[in-house]
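Visitor: heads up, no residue letters with this:
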C-alpha cells in the first residue's frame, strides 16, 4: 500500500510540476510578447552603455554634457519702420560634428527706461561655425531700442551632423541703392547631394569697421542638390551713406 501511495504521490508531483512549468512558460510568453520592452535609446532610462538617459554610448543622441554650449557673438536690432524692428544675433557653435535641431532663444530689447519687449522662439544650430538667429518685425510701440540681448536656453538634444556652413556658398554679391533702400542680390549654391527644404537665408551688411548696419531674411522652400539660386534681399532700414560695405550671407 505504501509503495502504491508513494508512486501516486510522485505522479501527482510530476503532473503538478509539468502544469506549473507550462503555466510559467505561458506567463513568460505573454510578458515578453505584450509587456516587455528591450532597453533602447528612447525608453527614458539609462541602460546598456549609455552615458546618461538615452544618450551617449550606442545611442545617436549626444549627451548635453559632451557638447560645448553655443555662445552669442553679438545681437542688434534694426529699424524696419516706426515701431517695428528686426532683431538679429550671431551664435557660435564650436562643436565640430554636433548640431541641435531645437535651440530655444529669447531676444530682449531695451531703451534707456528699461526693457521694451521680449520675443522667444526656436531655431536649429548646425555644427562648427557662426550662424544667425533672426526675429522679424518686433513691435516696440513708440519706444526706440538702444540695446538688444539674446539669451540661449541649454540645448537638450544634440545629434551628430557634418552639414555646416559649407553646405551653402554665396557668390556674385551685388549691393544696389546702398544709400537709400539697400537691395542685395547674390547667387546661392547648395553643395550637398540632397535637396534642402525651407532654407533660411540671412543677409547682414557691415561697414568697413565690421559694424552691423542692417539685416534681412528670406526663405527658399526647395533647394535642389548641387544647384544654384539667385536670391534678392531687401532692407527697409533707414540707412545713410553705406559706403564701403561688407555683405555676409548665412
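Guide: Yep, it's here. Bear in mind the structure is a predicted one, so any value in this text is a computation, not a measurement.
Visitor: mind checking the longest strand of this protein?
Guide: strand 98-111 (DSSP state E).
Visitor: what comes up buried for it?
Guide: Across strand 98-111, burial judged by 16 or more other CB atoms under 10 Å covers 98, 99, 100, 103, 105, 107, 108, 109, 110. Placement of C-beta: from N, CA and C, glycine included.
Visitor: The helix or strand containing residue 186: what's the following helix or strand?
Guide: In this structure, residue 186 sits in strand 183-190 according to DSSP states H and E. Once the chain leaves strand 183-190, the next helix or strand it forms, by DSSP H and E, is strand 196-206.
Visitor: Mind listing the strands the longest strand of the chain pairs with, and their directions?
Guide: strand 114-125 (antiparallel), strand 147-152 (antiparallel), strand 159-160 (antiparallel) (DSSP bridges).
Visitor: what about that strand, distance to the chain center?
Guide: 10 Å (CA atoms, centre = their mean, to the nearest Å).
Visitor: pLDDT of it, averaged?
Guide: Per-region confidence: strand 98-111 scores 96 on mean pLDDT.
Visitor: next one: stretch 170-189
Guide: 74.
Visitor: cool, and stretch 67-75?
Guide: On average, stretch 67-75 scores 96.
Visitor: quick one: low-confidence parts of the protein?
Guide: For the chain, the stretches with pLDDT under 70 are 1-11, 13-16, 18, 30-36, 177-182, 232-250.
Visitor: For residue 157, list the residues it contacts.
Guide: Residue 157 makes contact with 61, 100, 101, 102 under the criterion CB atoms under 8 Å, 6 or more residues apart in numbering.
Visitor: and the nearest residue to residue 190 once chain neighbours are set aside, how far is that from residue 174?
Guide: Spatial nearest neighbour of residue 190, excluding adjacent residues (CB to CB, 6 or more residues apart in numbering): residue 223 at 4.7 Å. Noted for residue 223: a distance of 20 Å to residue 174, by CB to CB, to the nearest Å.
Visitor: how about the strands in this structure?
Guide: 71-81, 84-93, 98-111, 114-125, 129-139, 147-152, 159-160, 168-176, 183-190, 196-206, 212-223, 227-234, 246-249.
Visitor: Which positions within the second one qualify as buried?
Guide: It refers to strand 84-93. In strand 84-93, counting by 16+ other CB under 10 Å, buried: 85, 86, 87, 88, 89, 90, 91, 93.
Visitor: if I read this right, the fourth one contacts residue 215, doesn't it?
Guide: It refers to residue 88. Yes. Proximity of residue 88 to residue 215 meets the contact threshold set by CB atoms under 8 Å, at 4.2 Å.
Visitor: Now do the shared contacts for those two.
Guide: Common neighbours of residue 88 and residue 215 (CB under 8 Å, 6+ apart) are 76, 78, 132, 134, 202, 204.
Visitor: closest to residue 149 among those residues?
Guide: Among the shared contacts of residue 88 and residue 215, residue 76 lies closest to residue 149 (CB to CB), at 10.2 Å.
Visitor: show me what contacts that closest one?
Guide: Contacts of residue 76 (CB under 8 Å, 6+ apart): 87, 88, 89, 148, 212, 215.
Visitor: again, but for residue 60
Guide: 41, 159, 160.
Visitor: Would you list the phi and psi of residue 163?
Guide: phi -90, psi 100 (degrees, to the nearest 10).
Visitor: Leaving out sequence neighbours, find the closest residue to it.
Guide: Spatially, and ignoring its direct neighbours in sequence, residue 163 is nearest to residue 126 (6.1 Å; CB to CB, 6+ apart).
Visitor: circling back to that earlier point, so which of the strands of the chain is nearest residue 27?
Guide: Per CB to CB, nearest to residue 27 of the strands of the chain: strand 159-160, 39.7 Å.
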